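Visitor: Mind looking at a prediction? Sequence and model below.
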Amino acid sequence: MTFELTLLGTAIHILIWEKLPEWGTWFKTLISLLPSPLRTLYEQWHCPFCAGFWIALALHWMTGFWTIPELNELSTRLGTVGTPVAWILDALATATLIYTAIIALKAVGLPAMKAHMMKEDFMTSAFGDGSATTD
């Protein structure tokens, strides 16, 4: 098993659904200019598994990377139907790993964010203006 597609897919998901919408209004304006079907897809694909599946398919097509390289042998065993089956199975496996990565990052991120906020509150209450932060 390799993790290139998972790492790339997780990064793309974070960028498109978590970071770009925070970087000013230009991205939201761009999304609003999309045709209605594409805008609907963007709005509905916040799920890391759903988006991860399509991201994995696109990345596999562009890079040739496999999460489970052994699936590449399906085309020799199943003939012409083996290639699409292998791609779909690999994308499902990759989507599961992307989903797991996003959930894990959120699980770790919330306590870290709360700890940072508690520290900032403490520094403000202890020193008045918060100028003595240790960042």
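Guide: Done, it's in.
Visitor: I'd like to know which elements the host helix or strand of A58 is packed against.
Guide: Taking DSSP states H and E as the criterion, A58 maps to helix 48-63. Here helix 48-63 touches helix 4-14, helix 82-127, going by 3 or more CB pairs under 8 Å, 6 or more residues apart in numbering; DSSP states H and E. Where C-beta positions appear, they are placed from N, C-alpha and C, glycine not excepted.
Visitor: Would you mind finding the most buried of the ones you listed?
Guide: helix 4-14 (a mean of 20; mean count of other CB atoms under 10 Å).
Visitor: quick check, distance from that helix to the centre of its chain.
Guide: Centroid separation for helix 4-14 versus its chain: 5 Å, with CA atoms, centre = their mean, to the nearest Å.
Visitor: quick revisit: okay, buried residues for the helix holding A58 please.
Guide: 48-49, 51-53, 55-57, 59-60 (16 or more other CB atoms under 10 Å).
Visitor: can you redo the residues you listed as JSON lines with distance to F27 and pLDDT?
Guide: Shown next, in JSON lines, are the buried residues of helix 48-63 (distance: CB to CB, whole Å; pLDDT from 0 to 100):
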{"residue": "P48", "distance to F27": "19", "pLDDT": "91"}
{"residue": "F49", "distance to F27": "23", "pLDDT": "93"}
{"residue": "A51", "distance to F27": "16", "pLDDT": "92"}
{"residue": "G52", "distance to F27": "20", "pLDDT": "94"}
{"residue": "F53", "distance to F27": "23", "pLDDT": "96"}
{"residue": "I55", "distance to F27": "17", "pLDDT": "95"}
{"residue": "A56", "distance to F27": "23", "pLDDT": "97"}
{"residue": "L57", "distance to F27": "23", "pLDDT": "96"}
{"residue": "L59", "distance to F27": "21", "pLDDT": "97"}
{"residue": "H60", "distance to F27": "26", "pLDDT": "96"}
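Visitor: No more questions from me, cheers.
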